[in-house]
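**Q** predicted model, plus sequence, below.
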Amino acid sequence: MTSFVKPHIRRKNEPVNELGLVRADYDGAMSTLCAGCGHDSVTASMARAFFELSIKPHRAVKVSGIGCSSKTTAYFLREAHGNNTVHGRMPSVATGAVAANSALTYIGVSGDGDSLSIGLGQFVHAMRRNVNMLYVLENNGVYGLTKGQFSASADLGSLAKRGAPNEMPPIDPVSLALSVGATFVARGFSGDREQLVPLIKAGLKHKGFGLIDVISPCVSFNDHKGSTKSYAHTYKYYHKAVHADYVAPSKDIKVCYDEGEIMPVEMHDGGVIRLRKLEKGFDPRDRAAAMSALANAQKEDEILTGLLHIDETHPDMHALNKMEDRPLNEIPYAELNPGGAKLHELQKGFR
Amino acid sequence: MSEAAINDFVIKLANVNGTGSASANGLLMKAIFRMGVPVVGKNVFPSNIQGLPTWYEIRVTEKGYRGRSGDVHFIVAMNAETYERDLAELSPGGVLLYDNTWPRPHFLTRPDIQVMGVPFARLCNDAFKAARSRILMKNMAYVGTVAALLDLDLDVIHQLVREMFSTKPKLIDLNLQAIALGYDYAKEHFDCPLPFSVQSRDNTAGKVMIDGNTAAGLGCVYAGATFGAWYPITPSTSLMDAFAKYCDQLRVDVDTGKHKYCIIQAEDELAAAGMIIGAAWNGARSFTPTSGPGISLMSEFIGFAYYAEIPMVLFDIQRVGPSTGMPTRTQQCDIQLCAYASHGDTRHILLFPADPGECFEMAVQAHDLAERFQTPVFVLSDIDIGMNDWMVDELTWDDSYQPDRGKVLSSKELEKIEKFHRYLDVDGDHIPYRTLPGTHPKGAYFTRGSGHNKYGGYTEDGPQYKEVVDRLRKKWKSAASKVPAPIVSPSKGKACCGIISIGSCDGAVVEARDRLEAEGLHLDYMRIRGFPFSDEVEKFVADHDEVFVVEQNRDAQLLGLLLLETDVPRKKLIPVLHYSGEPLDYHFVSNALRQAATLRKIA
């Protein structure tokens, strides 16, 4: 079996972006996931976000670990390099890749098994370093490829397909991200692309580590009654707190600015994220407020979604390491080689 | 045992770690070196911060031998905990210097040695006020006494003190005062110098004293590495420290303060491996220094880099295993681990430096080979090479050097070709072309550790899978002629037997062979410097009746590798194994070879 090739079809009057590309130019290989899988919907949202932002496909880099979610990097942006690394270790490969060339746009796709069990350490440390990338965690509460074991994000009391309850508390990626200083923390739902696409766009434009935890139900192993990661459960307890829209710097930024309702956050590229509050008394720029809103929602069994925290002021990995703007992989050797005379001079201290 | 003589003896300093003795001992060694007499220094230290025994051994060797001798002619016993052991180790006729502020009657149990007492603690307590100074200055006081006993040049020592404290000038006078305390006491109470002492020569011109980790870190700078990731582990830490230090000196823009490099301290070795793979995949020369436990953890990623064909440079500063083992003691125990690291059929390129000079050269070669062959390359150093100061030829640099970045397609080249396939053997040299992210829309491919065909597509098809892994094996094999060639030293007489050895065994092997030659036992010697083995290695074994394989591990790992990777007969190879964790000495090697030769009636 080789990868499926998705047919290239152009429709008449198809909308084009600033590069003259159509949405289909952001597709990849045909998905081999189950019909109705939440992940396919997330893939489509990611492709749309790149399309709407008019990012050249070959100037993007896709990285992933192992699992159903990690396979999806093959299903969009066929002209971008992809790196399907090893289980739970995508953040480290991404960190190295970002360090080598900061001029590209990086998106990591992972799952709850990949990020919260085997890869918990790397996931947390990439956030601490504020690596400039968007990390999409497709969260379904189970291991799909190995046929339905609970993952670390499974809620207390959630039932497995054969009825056994999960008896250990979950790791919530959003709470975790807030606690380790992540600078862009959001939650979405594969069933709500209207919310998800703008979140992905904002995350891609954020300078630093952006996390989007996307509830993405597994139709084969975790979409039954009693599961808290099913479509039905998510729709029922879904609670939108903040809506985020990214406005590019080239666009005339004229927002109908209703004090207390719309909050603009200025981005490093000159663009703006407009946050539309759906909840009173909640400011996503305030980490403590986000943590408390999240804790309250958990108490009420609500799934709080939207851009829950953003901090554009914290330096990213490049700034923390005082790196120059030019990518490391473009510095000519002549600038890196100190030369023979210098070597002689350096060794005076060794005599 | 060898008798001590002028410019030919061993002094061992027994100290308590964390008391500042290391810099005093380094100063003594450097002083002898500056007097033009070759030295071999070995620091035997505990895995501890303060309070446990530590020893520093300085061999003075006018002939410039590079290994330990195994003798101890002069002990400076500054650690009450190890008096018994230090006393027992001293050669007959040797000298023991101790702090006689407190009586130590048990030293009198050896009438065959000369015991000298100096009240270091009392002298320092009388001269210095601060408690910490009193401890630190005891070290400088014994430097003074040793200088008097060995007739060391005081001007040289004073100059070294001034250099050592150039940034803290207040300490210069304090240290000079302490040296004078010990020096004057010795001159007053003992016959100075001892029968064995140091006489100035001119045998260290063009040489430097440098440790292997510093040299390797410097090598990475010269190789043009811009990215390094690591997790702190003894004994590799000083390699990244050196890289960071030289980058800070040489790679920071004077006007902007911006860096032309990036160093990340990872959360563990797994992440360090992933980071350098990510950076190399994206076109930055990168590396990680580690030790055996780190290689175990990195194995998953090493297999990924091997199969997905991503350059990777690893420095394994070997320490005693298994498990945590003895973290500050030396061995060559990761040879087979590195040769085949990771699950599945994997095989790697290994380089074996024998001294800091080769650490510098091989650091550069490792980067070239990794990018040429798009695969992991290991530099197998060890604690002895990595953390001890060695006297080597001054490092030199060929200004015409250009890094071999391997087969990477540029945007222009991609524009010209119809379609790019990542794992296709276009040139028939088993090495495919690769592309860097962001170069050109035609260059995109999907990197994966899962089954793939020569076009880079996912596969579970047997023949397609085999096509790729068969090429990988050929690619690896073709590196045999590109790794540093073995060095063969033929015997002066006709030799029916030979020695094969590796890395830090070299100094002891060369000296043992010299001495056996003088006794009439002729042995040819081949030092292996790279893996996969070149044809020369097999030929060397074929040309001899028997070959002694000298290495520092219990399980004869190099010997095993020779059996696995060549057609040499098992019975021709005789293991000579040293694995106590101390750097190899020539007595051990010559005794083992002499014994084996007698048994086989070779000589």
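**A** Looks like it came in fine.
**Q** strands of the stretch 101-250 of chain A, residue ranges please.
**A** With DSSP state E, counting those that start in this stretch, the ranges of strands along the stretch 101-250 of chain A come out as A:105-111, A:133-139, A:142-143, A:149-150, A:184-189, A:209-215, A:238-247.
**Q** again with the stretch 301-450 of chain B
**A** Taking DSSP E, counting those that start in this stretch as the criterion, the stretch 301-450 of chain B contains strands spanning B:312-318, B:349-351, B:376-382, B:389-393, B:446-448.
**Q** and these as CSV, adding mean pLDDT and mean neighbour count?
**A** Where you see a C-beta, it was placed from the backbone N, CA and C, and this is true even at glycine. Compiled in CSV, those are given as follows (pLDDT from 0 to 100; neighbours: other C-beta atoms under 10 Å in any protein chain shown):
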stretch, mean pLDDT, mean neighbour count
strand B:312-318, 98, 29
strand B:349-351, 98, 26
strand B:376-382, 98, 30
strand B:389-393, 97, 21
strand B:446-448, 96, 22
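**Q** looking at these, spot the one closest to chain A.
**A** Each of those has some distance to chain A by C-beta to the nearest C-beta; the shortest is strand B:446-448, at 4.2 Å.
**Q** who's in contact with the closest one?
**A** Contacts of strand B:446-448 from elsewhere in the structure, counted by C-beta atoms under 8 Å, 6 or more residues apart in numbering or on different chains, are A:3, A:73-74, A:81-85, B:281, B:308, B:310, B:422, B:456, B:458.
**Q** put the alpha carbons of stretch A:30-44 into CSV.
**A** These are the backbone C-alpha positions of stretch A:30-44, laid out as CSV (Å, rounded to 0.1, in the frame of the first residue of the first chain):
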residue,chain,number,x,y,z
MET,A,30,-5.8,11.3,0.9
SER,A,31,-6.6,10.6,4.5
THR,A,32,-6.5,7.0,5.6
LEU,A,33,-8.4,7.7,8.9
CYS,A,34,-11.9,6.3,9.7
ALA,A,35,-14.9,7.9,8.1
GLY,A,36,-16.2,10.7,10.3
CYS,A,37,-12.9,11.0,12.3
GLY,A,38,-12.7,14.4,14.0
HIS,A,39,-9.1,14.6,12.8
ASP,A,40,-10.0,15.0,9.2
SER,A,41,-12.1,18.0,10.1
VAL,A,42,-9.1,19.5,11.9
THR,A,43,-6.9,18.8,8.9
ALA,A,44,-9.3,20.7,6.7
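**Q** in the helix or strand containing B:Ala512, what counts as buried?
**A** Under the criterion DSSP states H and E, the helix or strand holding B:Ala512 is helix B:506-518. The neighbour-count criterion (16 or more other C-beta atoms under 10 Å in any protein chain shown) identifies B:Asp506, B:Gly507, B:Ala508, B:Val509, B:Val510, B:Glu511, B:Ala512, B:Arg513, B:Arg515, B:Leu516 as the buried residues of helix B:506-518.
**Q** any idea which of those residues is closest to chain A?
**A** Ranking the buried residues of helix B:506-518 by separation from chain A, with C-beta to the nearest C-beta as the measure, puts B:Gly507 on top at 18.7 Å.
**Q** list the contacts of the closest one.
**A** The contact partners of B:Gly507, by C-beta under 8 Å, 6+ apart, come to B:Val40, B:Tyr65, B:Arg66, B:Gly67, B:Arg68, B:Ala354, B:Asp355, B:Leu584, B:Tyr586.
**Q** the residues you listed in strands, which ones?
**A** Counted as lying in strands by DSSP state E, out of those, are B:Val40.
**Q** who wins on neighbours among the contacts of B:Gly507?
**A** Neighbour counts for the contacts of B:Gly507 (other C-beta atoms under 10 Å in any protein chain shown) peak at B:Leu584, which has 29 neighbours.
**Q** what's the burial count for B:Met240?
**A** B:Met240, neighbours per other C-beta under 10 Å, totals 26.
**Q** what sits against the residue minimising distance to the centre of chain B?
**A** Taking C-alpha atoms, centre = their mean, the centroid of chain B lies closest to B:Ile385, which sits 2.1 Å from it. Neighbouring residues of B:Ile385 by C-beta under 8 Å, 6+ apart: B:Asp211, B:Gly212, B:Pro353, B:Ala354, B:Asp355, B:Pro356, B:Cys359, B:Gly503, B:Ser504.
**Q** surely B:Pro311 meets B:Glu371?
**A** Yes: contact status for B:Pro311 versus B:Glu371: in contact at 4.7 Å, counting by C-beta atoms under 8 Å.
**Q** who's more crowded, these two?
**A** When B:Pro311 and B:Glu371 are compared on other C-beta under 10 Å, the one with more neighbours turns out to be B:Pro311, at 29 against 25.
**Q** quick check on that one: phi, psi?
**A** In terms of degrees, to the nearest 10, the main-chain angles of B:Pro311 are phi -60, psi 140.
**Q** give the contact list for the residue lying closest to it once chain neighbours are set aside.
**A** Distance criterion C-beta to C-beta, 6 or more residues apart in numbering or on different chains; nearest residue to B:Pro311, sequence neighbours excluded, is B:Ala370 at 3.8 Å. Shown here is B:Ala370, whose contacts under the criterion C-beta under 8 Å, 6+ apart are B:Ala280, B:Pro311, B:Met312, B:Val313, B:Ile349, B:Pro376, B:Val377.
**Q** from chain A, how far out is B:Ala370?
**A** Taking C-beta to the nearest C-beta, to the nearest Å as the measure, B:Ala370 falls 14 Å from chain A.
**Q** interface residues of the stretch 51-200 of chain A facing chain B?
**A** Taking C-beta under 8 Å from any C-beta of the partner chain as the measure of proximity, the stretch 51-200 of chain A contacts chain B at A:56-59, A:61, A:63, A:73-74, A:78-86, A:89, A:91-101, A:103-104, A:121-122, A:124-125, A:129.
**Q** take the residues you listed and keep only those in helices.
**A** Secondary structure from DSSP state H places A:91-100, A:121-122, A:124-125, A:129 of these in helices.
**Q** still on that earlier bit, out of the contacts of B:Ala370, give me the two with the largest separation.
**A** Of all pairs drawn from the contacts of B:Ala370, the one with the largest separation by C-beta to C-beta is B:Ala280 and B:Ile349; the distance is 14.4 Å.
**Q** can you give me the helices for the stretch 251-351 of chain A?
**A** Using DSSP state H, counting those that start in this stretch, the helices of the stretch 251-351 of chain A run over residues A:287-299, A:317-320, A:333-336, A:340-346.
**Q** could you dump these to CSV with distance to B:Ala141, mean pLDDT and mean neighbour count?
**A** Shown next, in CSV, are the helices of the stretch 251-351 of chain A (distance: least, C-beta to C-beta, whole Å; pLDDT from 0 to 100; neighbours: other C-beta atoms under 10 Å in any protein chain shown):
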stretch, distance to B:Ala141, mean pLDDT, mean neighbour count
helix A:287-299, 57, 90, 16
helix A:317-320, 46, 98, 18
helix A:333-336, 46, 98, 14
helix A:340-346, 33, 98, 15
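**Q** next, format these as JSON lines and append distance to chain B.
**A** Shown next, in JSON lines, are these (distance: least, C-beta to the nearest C-beta, whole Å):
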{"stretch": "helix A:287-299", "distance to chain B": "22"}
{"stretch": "helix A:317-320", "distance to chain B": "8"}
{"stretch": "helix A:333-336", "distance to chain B": "4"}
{"stretch": "helix A:340-346", "distance to chain B": "4"}
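**Q** so chain B: which segments form each domain?
**A** Domain ranges of chain B: B:8-189, B:210-393, B:411-480, B:487-600, per automatic domain parsing.
**Q** now do the shared contacts for B:Pro311 and B:Glu371.
**A** With contacts taken as C-beta under 8 Å, 6+ apart, B:Pro311 and B:Glu371 have B:Ala280, B:Gly406 as neighbours in common.
**Q** and the pLDDT for the residue in the stretch 101-250 of chain A that chain B sits nearest to?
**A** In the stretch 101-250 of chain A, no residue comes nearer to chain B than A:His125, which is 4.3 Å away by C-beta to the nearest C-beta. Listed pLDDT for A:His125 reads 98.
**Q** distance of it from B:Val39?
**A** If you measure A:His125 against B:Val39 using C-beta to C-beta, to the nearest Å, the figure is 44 Å.
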